[in-house]
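Trainee: here is a sequence with its predicted model. Questions after.
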Amino acid sequence: MIKVSGISKSYNNDSVKAVDDLTFTIEDGEIVGIIGPNGSGKTTTIKMMTGIIKPDSGSVKIGDYDMVKDALKAKHNIGYMPDSPDMFLRLKGIEYINFVADIYDTDKAERDERIIKYSKLFGIDDVLDSKMISYSHGMRQKLMVVAALVHNPSVWILDEPLTGLDPESAFELKKLMKEHAAAGNSVMFSTHVLEVAEKLCDRVIIILKGKKLFDGTLEELKADNPDKQLEEIFLEMTGYLGESE
Ligand SMILES: Nc1ncnc2c1ncn2[C@@H]1O[C@H](COP(=O)(O)OP(=O)(O)OP(=O)(O)O)[C@@H](O)[C@H]1O
Ligand SMILES: [Mg+2]
């Protein structure tokens, strides 16, 4: 379970309030999408959930562990995929994955089994011995997926995991996300793609300017806005379309 309680974060000496008193819970067995326009605070929220940045106020709990007070234990249970895969590019793919697995103290035989399984699934098993600088964007993205899962984390927190993946790999990742949640784990991901959220999520959290606008199922959202397409509802909520348009 993930419990986010009243987190806020400002940048540039408080001139930008990126996240503003956000509260939500993701239960075991749930896939939840966080949706919002560019700059609405999704990545900042995810970085606070994963302990990369500290909230100015509020708290995050992963299972029983507080992300600030019990950071190592909280982080141990998380598989995190960043929004940009352009890092450690001088390392070979296999070196990066092993580096992550070492940090998490993952058993050698178990990690090797997972590396083979996931890199084959995403079609990057033949490039693991090449430096990541030679990878395409999508290949780097796939490597981030493998690295995020190599320690078999229970909680998955993925920042725009499907952006840039080819349809085959997107299909496989969505399947893994569903299976992982069905096995009783929590999966949280950000997306701009409403159709993805509609197919994948048990629940969506819509944010704008760091504030929560909606938290519920897409069925509930549609029932509140009869005769409207999801895109129209979303654009109205975020203020892009006026109510009368
Ligand atoms: N390191 C930073 N320094 C200053 N401002 C930042 C920083 N990171 C984010 N911001 C600001 O915080 C706000 C939220 O940004 P964030 O990256 O969380 O949005 P997002 O919803 O992930 O956007 P996108 O859909 O483009 O990924 C934006 O106004 C952004 O300019
Ligand atoms: Mg982002």
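Mentor: Good, I have the coordinates. Residues are numbered from 1 along each chain as shown. Ligands and ions are numbered 1, 2, ... in the order given.
Trainee: by proximity to ligand 2, which residue of this structure wins?
Mentor: Thr43 (3.1 Å; C-beta to the ion). Where you see a C-beta, it was placed from the backbone N, CA and C, and this is true even at glycine.
Trainee: quick check on that residue: phi, psi?
Mentor: Phi and psi for Thr43, reported as degrees, to the nearest 10, are phi -60, psi -40.
Trainee: residues near it, how many?
Mentor: 21 (other C-beta atoms under 10 Å).
Trainee: and if you look at Thr217?
Mentor: Thr217 - counted by other C-beta under 10 Å - has 12 other residues nearby.
Trainee: from what I can see it touches Arg203, true?
Mentor: Yes: between Thr217 and Arg203 there is a contact under C-beta atoms under 8 Å: 5.5 Å.
Trainee: rewinding a little: show the pLDDT at the residue of the chain closest to ligand 2.
Mentor: Thr43 carries a pLDDT score of 98 in this model.
Trainee: now do the contacts for it.
Mentor: 83, 159, 190 (C-beta atoms under 8 Å, 6 or more residues apart in numbering).
Trainee: could you pull up the residues touching Asp21?
Mentor: 6-8, 58, 211.
Trainee: what mean pLDDT does the longest helix that the chain contains have?
Mentor: Longest helix in the chain by number of residues (criterion: DSSP state H): helix 167-182. Mean per-residue pLDDT for helix 167-182: 95.
Trainee: helices or strands next to that helix in the packing?
Mentor: strand 31-35, helix 137-149, strand 155-159, strand 187-191, helix 194-200 (3 or more C-beta pairs under 8 Å, 6 or more residues apart in numbering; DSSP states H and E).
Trainee: now do 6 Å
Mentor: Counting contacts by 3 or more C-beta pairs under 6 Å, 6 or more residues apart in numbering; DSSP states H and E, helix 167-182 packs against strand 187-191.
Trainee: that older thread, out of the contacts of Thr43, who's near ligand 2?
Mentor: Contacts with ligand 2 within the contacts of Thr43, as defined by C-beta under 5 Å from the ion: Asp83.
Trainee: and the contacts of Thr43, which of them are buried?
Mentor: Among the contacts of Thr43, those classed as buried by 16 or more other C-beta atoms under 10 Å are 83, 159, 190.
Trainee: so the first one: helix, strand or coil?
Mentor: For Asp83, the secondary-structure state derived from DSSP: H, G, I helix; E, B strand; the rest coil is coil.
Trainee: mind giving me the ChimeraX command for buried ones among the contacts of Asp21?
Mentor: Here the buried members of those are turned into a ChimeraX selection, burial being counted by 16+ other C-beta under 10 Å:
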select :7,8,58
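Trainee: the contacts of Asp21: which two are farthest apart?
Mentor: Gly58 and Lys211 (13.1 Å; C-beta to C-beta).
Trainee: could you list every residue that touches the residue most central in space within the chain?
Mentor: Among the residues of the chain, the one closest to the centroid is Leu158, at 1.9 Å (C-alpha atoms, centre = their mean). By C-beta atoms under 6 Å, 6 or more residues apart in numbering, the residues touching Leu158 are 81, 189.
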